[in-house]
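S.K.: Structure for the following, please:
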Amino acid sequence: MRNPRRANHGWTAPAVKQMLSMATYAGKRQHRGQIVADAVWPAFIEPQTWELLQLRLFAPERRRTNDWPVTHLLSGISFCAERGSPLRVGKQRSGHRRGADDGVKPTHYLTYVCSGLKGREVDGIRNGFHVTMKKDRVDMLVVRALLKRVSQPGFVAQLNSGAGETSAEREALLHEIRECEQYLEMAKETSARELDLTFYLDQKRRLEPRIETARAAYNQLSGVDPLVLKLASAEDRTAMFESLELLQKRRIIRALMTPILHRAAPGKHGSRVIDPTRIEVRWVGQDY
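M.R.: So this is what the prediction gives:
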């Protein structure tokens, strides 16, 4: 039944935004949030115009989320590989009471579980528990993958280097940053061989301001979320990420990746061994 409070709202701004974000109107087919093929129906909006519209609607500086009052790192922004439904947080019992009066209470731990299939049974599995994994394990594996990604050489320089009016300027800045970083890497190797870091530290002092200036100019042109750039540029990325508030951590994860949780292998359900292959990370945009 339709909520009577919304009966007279008509065309609200969120409703229009949601409609315009659908690739269907650009004559495209989507699967799990990704455009996979041209549709058989004609486009209501030209695909190029639709792409430009997405850049405006979902620019980092305009982004708003309904995270409040979220309490978990990946709930709602990670997905089930089997059904494509968002993951939610549930409880699993880790102990069993052997008697009603022995005073021993069961202990629980948090898990990510598929939010789909509530009240249904599919393939003999009830209420979405076909995909479940300890919350702490999933968080650890996703954060580890994220920090490894942003720590790759040249990550900051290569963020969001797509085409556009500023592509030539961005390419020139990328070239300058890469050359400087490659030269510093060579200087570091040379100093290590000679067991004297004087040369490397001197070159680093000279080139880092140049690199930072080029990065700032590139970032201004790229439209990348400033918080992502701050993390990628931090000297200690792990410490910086841990110091962020939960909503900021989720914002970075949204900007860079979509975590996907796969079902445990047959016979491995409930295993205490961490299986990193169950976590698939789909990176946003190009490979860096």
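
S.K.: going forward, measure contacts and count neighbours with C-alpha atoms only.
M.R.: Fine.

S.K.: Which parts of the stretch 151-288 of the chain are strands?
M.R.: 257-261, 279-283 (DSSP state E, counting those that start in this stretch).

S.K.: Let me know which of these is tucked in deepest.
M.R.: Most buried of the strands of the stretch 151-288 of the chain, by mean neighbour count (mean count of other CA atoms under 10 Å): strand 257-261, with a mean of 22.

S.K.: What lies in contact with it?
M.R.: 77-81, 131-132, 142, 278-284 (CA atoms under 8 Å, 6 or more residues apart in numbering).

S.K.: can you give me the helices in the stretch 1-150 of the chain?
M.R.: Ranges of helices in the stretch 1-150 of the chain, per DSSP state H, counting those that start in this stretch, are 13-20, 47-57, 135-150.

S.K.: what does the first one rub up against?
M.R.: Going back to what we said before, that points to helix 13-20. Contacts of helix 13-20 (CA under 8 Å, 6+ apart): Leu57.

S.K.: can you tell me which two in the contacts of strand 257-261 are farthest apart?
M.R.: Greatest spacing in these, by CA to CA: Thr132 and Val284 (24.0 Å).

S.K.: Between the two, which has more neighbouring residues?
M.R.: Per other CA atoms under 10 Å, whichever of Thr132 and Val284 has more neighbours is Thr132, with 24 against 13.

S.K.: list the contacts for the spatially closest residue to the more buried one that is not a sequence neighbour?
M.R.: Nearest non-adjacent residue to Thr132, counting by CA to CA, 6 or more residues apart in numbering: Val113, 4.5 Å away. Residues in contact with Val113 (CA under 8 Å, 6+ apart) are 80, 87-90, 128-129, 131-133.

S.K.: What pLDDT is listed against Val113?
M.R.: Val113 is assigned 89 on the pLDDT scale.

S.K.: Could you double-check that Tyr200 lies in contact with Ser191?
M.R.: Yes - the pair Tyr200 / Ser191 is scored as a contact, 6.0 Å apart, by CA atoms under 8 Å.

S.K.: Of the two, give the one with the bigger neighbour count.
M.R.: Tyr200 (20 against 16).

S.K.: so what pLDDT did the more buried one get?
M.R.: For Tyr200, pLDDT reads 86.

S.K.: So it versus Val16, what's the distance?
M.R.: Relative to Val16, Tyr200 is positioned 55 Å away (CA to CA, to the nearest Å).

S.K.: do Cys80 as well
M.R.: From Cys80 to Val16 the distance is 28 Å (CA to CA).

S.K.: neighbour count winner among the two?
M.R.: Cys80 (25 against 10).

S.K.: Show the contacting residues for that one.
M.R.: 86-87, 113-114, 131, 260-262.

S.K.: Let's see that with 10 Å instead.
M.R.: Counting by CA atoms under 10 Å, 6 or more residues apart in numbering, Cys80 touches 86-88, 112-116, 128, 130-132, 259-263, 279.

S.K.: returning to that earlier point: switch the helices of the stretch 1-150 of the chain over to JSON lines; also include mean pLDDT and distance to Val224.
M.R.: Formatted as JSON lines, those follow (pLDDT from 0 to 100; distance: least, CA to CA, whole Å):
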{"stretch": "helix 13-20", "mean pLDDT": "72", "distance to Val224": "21"}
{"stretch": "helix 47-57", "mean pLDDT": "76", "distance to Val224": "11"}
{"stretch": "helix 135-150", "mean pLDDT": "95", "distance to Val224": "13"}
